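Student: pasting the structure only:
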């Protein structure tokens, strides 16, 4: 039990003490007019109270990512909790914060437009491809996962509501409507309530597990995991199936630790904040909260199965993480509470899915300067959602792998963009450049060893990833030194 409280405490302390230091480097100025004040259009640039903005941002970024990812990551054991906490504090929350800062500073624009400003047209084009690809995969994943959860409810068994296709069409219909309407018609009215629902549901699961789960990770599990023999021999391959922590755990658990998808959501609230001082509680705060959600479900994946890894893996093989959610919710909250929790877990990805498609529309609109008429919004929404429907016919695990890889790839690209932002400001860039190096190393290692990549042995991919990290750190050090010399010449 103490391990869980240590994880939550570290996340809160990260917000309390580390985020103010991050804010000092970013150039936040409460006296400047925000994009919402300057471009109020009644569609996307609409004033929102900061508490509502936090709850909407939290819901937008959460979905099933911090639930499904940590459940899958629980197969690696207690090290999953370590990655969620450290990844969140040093990488994910910083990534989300600077995504918000840069969007606010650039008139609420989407990532590709910001990349074009700080780098060049080529980087803008690359970011446009990465962003559009990830948003589309997120949208598809967040159609398939809630449809699967709802169709598998035993309450619907024997009725037309048990059909997966029915729920896919219902969700797509909602996405079409939500994508077209101004942000203050649905999102600002309902999503703060759904955000509160996620907090209540996560808290209920955590309390139930802490008092009744048979297999809670304790301090001895961590000390045993990091004993000398295990650390020196099996640290990179602790999974019973021989799957290496580096890089697979870092790709498996993205949401909760670090997620590129969150940066695609940044412009939505950046266009609605009434003061720059709200960037830290809205963006850093929402990601810290998602880290808590990730810790709860990683703990659930470890603690709720008396037989440990074997039992969890068997259930994942039978029905994926959705079945695990069903099992945990009904076991620890009772039938009614379980059904309510499952419905809540289904709502969360739906709310993230519609903002994913909304962000995809905004990204395309920004890239090609398309007027925001209702006709143009329909012309964009119809083909996107039609293609998404046919993508739901593909195996979910394959879609998830591409989603997870593109998620890490985009988050790393955004961290490099934030590095350039801080370089230009002449402030402490290491807070983003070191996570950027780490993300690059993970991404390179993964694509080298993954079946969707070069499929090399894991030992080779790990050495290649470490080599890339060394080269990047050396280059950054040289550039940093050159920048310092230039500053001394300019201001002797």
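Tutor: Looks like it arrived, so ask away. Just so it is clear, the structure is predicted and the values come from calculations on it, not from any experiment. Numbering: from 1, shown residues only.
Student: so what's the gap between the longest helix seen in the chain and the chain middle?
Tutor: Longest among the helix segments of the chain by residue count, using DSSP state H, is helix 309-368. A distance of 13 Å separates the centroid of the chain from that of helix 309-368, by C-alpha atoms, centre = their mean, to the nearest Å.
Student: one more: stretch 175-185?
Tutor: The answer for stretch 175-185 is 22 Å, by C-alpha atoms, centre = their mean.
Student: what does stretch 205-216 give?
Tutor: On C-alpha atoms, centre = their mean, the centre of stretch 205-216 falls 25 Å from the chain's centre.
Student: re the thing from before, after the longest helix of the chain, which helix or strand is next?
Tutor: helix 374-391 (DSSP states H and E).
Student: list the buried residues of that following helix.
Tutor: 377, 380-381, 384-385, 388, 391 (16 or more other C-beta atoms under 10 Å). No exception for glycine: its C-beta is placed from N, CA and C like everyone else's.
Student: packing partners for the strand or helix carrying residue 298?
Tutor: Per DSSP H and E, residue 298 falls inside helix 285-303. The contact analysis (3 or more C-beta pairs under 8 Å, 6 or more residues apart in numbering; DSSP states H and E) places helix 285-303 against helix 2-13, helix 50-62, helix 65-73, helix 79-87, helix 93-105, helix 187-212, helix 309-368.
Student: export the buried residues of helix 374-391 to CSV and tack on pLDDT and distance to residue 477?
Tutor: Output for these, formatted as CSV (pLDDT from 0 to 100; distance: C-beta to C-beta, whole Å):
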residue, pLDDT, distance to residue 477
377, 84, 47
380, 88, 44
381, 87, 47
384, 91, 43
385, 91, 47
388, 91, 44
391, 88, 43
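Student: how about residue 476, what does it touch?
Tutor: 433, 437 (C-beta atoms under 8 Å, 6 or more residues apart in numbering).
Student: contacting residues for the nearest residue to residue 80 once chain neighbours are set aside?
Tutor: Nearest residue to residue 80, sequence neighbours excluded (C-beta to C-beta, 6 or more residues apart in numbering): residue 73, at 4.0 Å. Residue 73 is in contact with 80, 83-84, 249, 252-253, 298, 301, counting by C-beta under 8 Å, 6+ apart.
Student: can you check residue 404 too?
Tutor: Per C-beta under 8 Å, 6+ apart, neighbours of residue 404: 69, 251-252, 254.
Student: export these to CSV and tack on secondary structure and pLDDT?
Tutor: Converted to CSV, those look like this (DSSP: H, G, I helix; E, B strand; the rest coil; pLDDT from 0 to 100):
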residue, secondary structure, pLDDT
69, helix, 88
251, helix, 87
252, helix, 86
254, coil, 86
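Student: what is the nearest of the residues you listed to residue 119?
Tutor: residue 254 (23.8 Å; C-beta to C-beta).
Student: I'd say that closest one and residue 70 touch.
Tutor: No - Residue 254 is not in contact with residue 70 according to C-beta atoms under 8 Å; the separation is 10.2 Å.
Student: got the angle for the longest helix of the chain vs helix 285-303?
Tutor: 160 degrees (axes from the mean of the first three to the mean of the last three C-alpha atoms, to 10 degrees).
Student: let me know the angle separating helix 309-368 from helix 65-73.
Tutor: Using the same axes, to 10 degrees, helix 309-368 lies at 140 degrees relative to helix 65-73.
Student: renumber starting at 329 from here on
Tutor: All set: I'll call the first residue 329, so the last point we hit is now helix 637-696.
Student: averaged pLDDT, helix 637-696. What do you get?
Tutor: Helix 637-696 comes out with an average pLDDT of 81.
Student: and the angle for it with helix 378-390?
Tutor: Going by the same axes, to 10 degrees, helix 637-696 makes 110 degrees with helix 378-390.
Student: what angle do helix 637-696 and helix 702-719 make?
Tutor: 150 degrees.
Student: one step back: in the contacts of residue 732, find the pair that's most separated.
Tutor: Longest span within the contacts of residue 732, C-beta to C-beta: 397 and 579, 9.4 Å.
Student: neighbour count for these two, which is higher?
Tutor: residue 397 (27 against 22; other C-beta atoms under 10 Å).
Student: next, the contact list for that one, please.
Tutor: 580-584, 622, 732.
Student: make JSON lines from these and add distance to residue 475 to it.
Tutor: Listed next are the contacts of residue 397 as JSON lines, based on distance: C-beta to C-beta, whole Å:
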{"residue": "580", "distance to residue 475": "22"}
{"residue": "581", "distance to residue 475": "23"}
{"residue": "582", "distance to residue 475": "22"}
{"residue": "583", "distance to residue 475": "19"}
{"residue": "584", "distance to residue 475": "22"}
{"residue": "622", "distance to residue 475": "23"}
{"residue": "732", "distance to residue 475": "19"}
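Student: between these, which has the most around it?
Tutor: For the contacts of residue 397, neighbours tallied by other C-beta under 10 Å; top is residue 622, 34 neighbours.
Student: against residue 650, how distant is that residue?
Tutor: According to C-beta to C-beta, to the nearest Å, residue 622 stands 17 Å off from residue 650.
Student: pLDDT weak spots in the stretch 479-628 of the chain?
Tutor: Residues of the stretch 479-628 of the chain meeting the criterion pLDDT under 70: 480-484, 511-512, 546-570.
Student: give me that answer again for 50
Tutor: 556-566 (pLDDT under 50).
Student: just to check, residue 373 is in contact with residue 432?
Tutor: No - Residue 373 sits out of contact with residue 432 when judged by C-beta under 8 Å, with a separation of 11.9 Å.
Student: these two: who's more crowded?
Tutor: More crowded of residue 373 and residue 432, by other C-beta under 10 Å: residue 432, with 28 against 19.
Student: from residue 348, how far off is that one?
Tutor: Counting by C-beta to C-beta, the gap from residue 432 to residue 348 is 18 Å.
Student: tell me, how many residues neighbour the closest residue to residue 545 other than its chain neighbours?
Tutor: Nearest non-adjacent residue to residue 545, counting by C-beta to C-beta, 6+ apart: residue 406, 4.7 Å away. Number of residues near residue 406 (other C-beta under 10 Å) recorded here: 20.
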